[in-house]
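Engineer: Whatever this is, show me its structure:
(one chain, ligands or ions: 1)
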Amino acid sequence: MPFLAHRFSESIPRMHSVLKLVAKEAFAVWSLLVIAPSTVTAQATLTVPVPIPEAKPTSPELTELVVVHQGDIPILISAPHGGTLPIDGVPPREGKGLKAGPSGFFTGRDGGTQELAEAVVDAIERKFGKRPYAVIAASHRKHLDPNRPPEIAYEDQDAKPVYDRYHHSMQTFTTRIVNDFRHGLLLDLHGQGSKRDTVFRGTSNGKTVDALKGRFGEQAIVGEKSLFGLLKQKGWKVDPDPFDDKEQSGFTGGYIVKTYGSHNAVGLDAYQLELGAEYRSKAARERIANQLADAAFDYWQLYLNGLDQESN
Ligand SMILES: [Zn+2]
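Structural biologist: Predicted structure coming up:
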């Protein structure tokens, strides 16, 4: 896809010059973001609005390869591994010199998660009467892995615009939610093949939901009214369970929750959901999507809606 690569390389100097301009005008905000350590203190002292990343050029191919939905509530759905499409001109990745495994090189897709993510978007819209933001990869993981840093994510430069669209969208939506609502919920949907009946929670053992913990305490993450507590009440088999156990090694959360989690100066309370096969089948899709939307609604009322009212 040399055409796309060309368009993006052209856009980069423009973006930098605009960012420089914005940085000069809003030096206080930017210096805070750049200098402040990634702790809850950084978020507590954050000055909003934070500059929104400049819009990037797109194309029919790119919009097909990364599906994005604009939202109007502080919820962002991400699904990086469910896609099936090739990327034009990009051969399968080989992973030469890369470590394999949960945070390294892996090309297996999380079957059913692209469709589930779309079903969750629709279910949330039915439940809330408003839409969540969403970023969903339609490209196959063998060509590109959006849940990794760039050096592991792709090997062919023609995959870079697809990767950039995923993360530019995530960054833009995260910033919008922080500006409009201050706090928000990120659900990063994945599939695991080790336990069919189980959903593993990945928050780096609480790190990526640091702001929630700071505002509501440990029980908001591990208690009955935590997100996974609410899901358990709907009949989901969740791990960790009991809730004070450590998260399962290998499922503690990847690049996306670490990049957009609320331990960052600009971030959302971020959960990686590693769904067993029983939660991703076609037969279960609507039920699971509705249950997740219901839990997200309770979560929104408990942890987001009140703050929404205050901040507006
Ligand atoms: Zn995955």
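Engineer: What residues does the stretch 51-200 of the chain have near the ion?
Structural biologist: Counting by Cβ under 5 Å from the ion, the stretch 51-200 of the chain comes close to the ion at 81, 110, 190. All C-beta atoms are positioned from the backbone trio N, CA, C, and that covers glycine.
Engineer: Does the second one touch residue 188 like I think?
Structural biologist: Yep, that's residue 110 we're talking about. No: counting by Cβ atoms under 8 Å, residue 110 does not reach residue 188; the two are 10.7 Å apart.
Engineer: More neighbours: those two, which one.
Structural biologist: residue 188 (29 against 23; other Cβ atoms under 10 Å).
Engineer: Report the strands that pair with the helix or strand encompassing the more buried one, each with its relative direction.
Structural biologist: Element membership for residue 188 (DSSP states H and E) is strand 185-191. Strand pairing for strand 185-191, determined by DSSP bridges: strand 75-79 (parallel), strand 269-275 (parallel).
Engineer: Can you name the next helix or strand after that strand?
Structural biologist: For strand 185-191, the succeeding helix or strand toward the C-terminus, using DSSP H and E, is strand 198-202.
Engineer: So for that next one, mean pLDDT?
Structural biologist: The average pLDDT for strand 198-202 rounds to 97.
Engineer: and the strands paired with strand 185-191 as TSV, adding mean pLDDT and mean neighbour count?
Structural biologist: Shown next, in TSV, are these (pLDDT from 0 to 100; neighbours: other Cβ atoms under 10 Å):
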stretch	mean pLDDT	mean neighbour count
strand 75-79	98	28
strand 269-275	98	27
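Engineer: export the ones you listed to JSON lines and tack on distance to residue 181?
Structural biologist: Converted to JSON lines, the strands paired with strand 185-191 look like this (distance: least, Cβ to Cβ, whole Å):
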{"stretch": "strand 75-79", "distance to residue 181": "10"}
{"stretch": "strand 269-275", "distance to residue 181": "12"}
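Engineer: Of all the residues in the stretch 101-250 of the chain, which one is nearest the ion?
Structural biologist: residue 190 (3.3 Å; Cβ to the ion).
Engineer: Name all residues that make contact with that residue.
Structural biologist: By Cβ atoms under 8 Å, 6 or more residues apart in numbering, the contact list for residue 190 reads 79, 80, 81, 110, 113, 147, 272, 273, 274, 275.
Engineer: tell me which residues form a beta bridge with it?
Structural biologist: residue 274.
Engineer: now the contacts of residue 190 as a markdown table including distance to residue 164?
Structural biologist: Shown next, in a markdown table, are the contacts of residue 190 (distance: Cβ to Cβ, whole Å):
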| residue | distance to residue 164 |
| --- | --- |
| 79 | 18 |
| 80 | 14 |
| 81 | 18 |
| 110 | 21 |
| 113 | 21 |
| 147 | 15 |
| 272 | 22 |
| 273 | 25 |
| 274 | 26 |
| 275 | 27 |
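Engineer: In these, find the pair that's most separated.
Structural biologist: 147 and 275 (14.4 Å; Cβ to Cβ).
Engineer: then stretch 214-224 to PDB, C-alphas only?
Structural biologist: C-alpha atoms of stretch 214-224 as PDB (Å, rounded to 0.1, in the frame of the first residue of the first chain):
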ATOM      1  CA  GLY A 214      -7.900   6.600  44.200                       C
ATOM      2  CA  ARG A 215     -11.400   7.900  44.100                       C
ATOM      3  CA  PHE A 216     -13.400   4.900  45.400                       C
ATOM      4  CA  GLY A 217     -10.900   2.600  47.000                       C
ATOM      5  CA  GLU A 218      -9.800  -1.000  46.500                       C
ATOM      6  CA  GLN A 219     -13.400  -2.400  46.700                       C
ATOM      7  CA  ALA A 220     -14.200  -0.600  43.400                       C
ATOM      8  CA  ILE A 221     -11.800  -3.000  41.700                       C
ATOM      9  CA  VAL A 222     -12.200  -6.200  43.700                       C
ATOM     10  CA  GLY A 223     -15.500  -5.900  45.500                       C
ATOM     11  CA  GLU A 224     -19.000  -7.100  44.700                       C
END
